[in-house]
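Colleague: have a look; sequence and predicted model below, questions after that.
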Amino acid sequence: MEIIVKGMDPMAAHKLLTHKGLVDKIRDELRFFRSWIDSPLTMGAVSPSGPELAQRIASFVPVRPGGRYLELGPGTGVVTKAIFDRGVAQRDLTAIEYSPDFCHLLQQRYPGMITLQGDAYSLRSTLAPQVAAGETARFSAIVSGLPLFNKPKEQRRALILEALDLLEPGAPFIQFSYALVPPVKPEAGLFDLARTDWIWANLPPARVWVYRRPD
Ligand SMILES: C[S@@+](CC[C@H](N)C(=O)[O-])C[C@H]1O[C@@H](n2cnc3c(N)ncnc32)[C@H](O)[C@@H]1O
């Protein structure tokens, strides 16, 4: 693609790239929809998050030198891209995704990112290869696209607690959902919760929930 574009008239190159972006987007929508047909509970949505929601999620990621980041359920990588656009380097992001097809896609798209195929609800064992490779520092943020409401309340709570234990003090666990109520209610002394207003540009409209350990 780059060789063709280099030799081309800039306007034609721009049109071609715009066209390619659109084709990639439609392909991702189809991939996502097919996965939803195969496994609606695991997917929890019929299409990937829109750019407004992805950017809002990423806006809570505190980017700092030496920071390490974790994404759960990246799917086709819309939120992943927003995290990179915010300034996180690919090598600093680890992604845990259940679907082998999405893992393959993510590895092609973001070769510098560490993509682990596995279950985000078994966080520590899924992260074990990284720990074995010497990565033991805590994360500066965890971003989750998991469809939490498809799991029982206790399992959701256990995931949040386990994730908070893997974070630096005060660092955010960032989740989105389409529901009126939080995926897990805040618990005084254990974890606080902040939420955004509705992101109407997303279909369906969504909100971002940010969990943190109290100071
Ligand atoms: C609602 S989609 C979100 C995808 C993407 N983050 C987005 O916003 O477009 C949920 C994603 O979580 C993945 N997923 C569901 N359960 C999972 C689990 N237990 N472990 C890891 N990934 C999981 C699905 O395969 C899917 O890619």
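Modeller: Nice, I can see it. Residues are numbered from 1 along each chain as shown.

Colleague: so after the least confident helix or strand in the chain by mean pLDDT, what's the next helix or strand?
Modeller: Counting by mean pLDDT, DSSP states H and E, the chain has its least confident helix or strand at helix 2-6, which shows a mean of 52. Using DSSP states H and E, the helix or strand that follows helix 2-6 towards the C-terminus is helix 10-38.

Colleague: distance from the chain centre to that following helix, please.
Modeller: 19 Å (C-alpha atoms, centre = their mean, to the nearest Å).

Colleague: tell me which other helices or strands that helix touches.
Modeller: Contact partners of helix 10-38 among helices and strands, from 3 or more C-beta pairs under 8 Å, 6 or more residues apart in numbering; DSSP states H and E: helix 2-6, helix 40-43, helix 100-109. Every residue, glycine included, has its C-beta placed from N, CA and C.

Colleague: what's the closest of those helices to the ligand?
Modeller: The stretch from the helices and strands packed on helix 10-38 with the least distance to the ligand (C-beta to the nearest ligand atom) is helix 40-43; that distance is 4.5 Å.

Colleague: list the buried residues for that closest one?
Modeller: By neighbour count, with 16 or more other C-beta atoms under 10 Å as the criterion, the buried positions of helix 40-43 are Met43.

Colleague: and that helix with the ligand, contact?
Modeller: Yes - Helix 40-43 comes into contact with the ligand when judged by C-beta under 6 Å from any ligand atom, the residues involved being 42-43.

Colleague: same thing with stretch 174-192?
Modeller: No - counting by C-beta under 6 Å from any ligand atom, the ligand has no neighbours in stretch 174-192; the shortest distance is 6.9 Å.

Colleague: repeat that for stretch 139-148.
Modeller: Yes - contact of stretch 139-148 with the ligand is found when judged by C-beta under 6 Å from any ligand atom, involving 145-147.

Colleague: circling back to that earlier point, the helices and strands packed on helix 10-38: lowest mean pLDDT?
Modeller: Summarising mean pLDDT across the helices and strands packed on helix 10-38, the least confident stretch is helix 2-6, with a mean of 52.

Colleague: and Arg207, its phi and psi?
Modeller: Backbone geometry at Arg207, expressed as degrees, to the nearest 10, gives phi -130, psi 160.

Colleague: that one: neighbour count?
Modeller: Other residues near Arg207 number 19, with proximity taken as other C-beta atoms under 10 Å.

Colleague: same question for Ile83.
Modeller: That count, for Ile83 with other C-beta under 10 Å as the rule, works out to 28.

Colleague: tell me the buried residues in stretch 182-201?
Modeller: Those buried within stretch 182-201 under the rule 16+ other C-beta under 10 Å are 182-184, 186, 191, 193, 196, 199.

Colleague: near the ligand, which residues of the protein?
Modeller: When proximity is defined by C-beta under 6 Å from any ligand atom, the chain lies next to the ligand at 42-45, 48-49, 72-75, 78-79, 96-99, 102, 119-121, 145-147.
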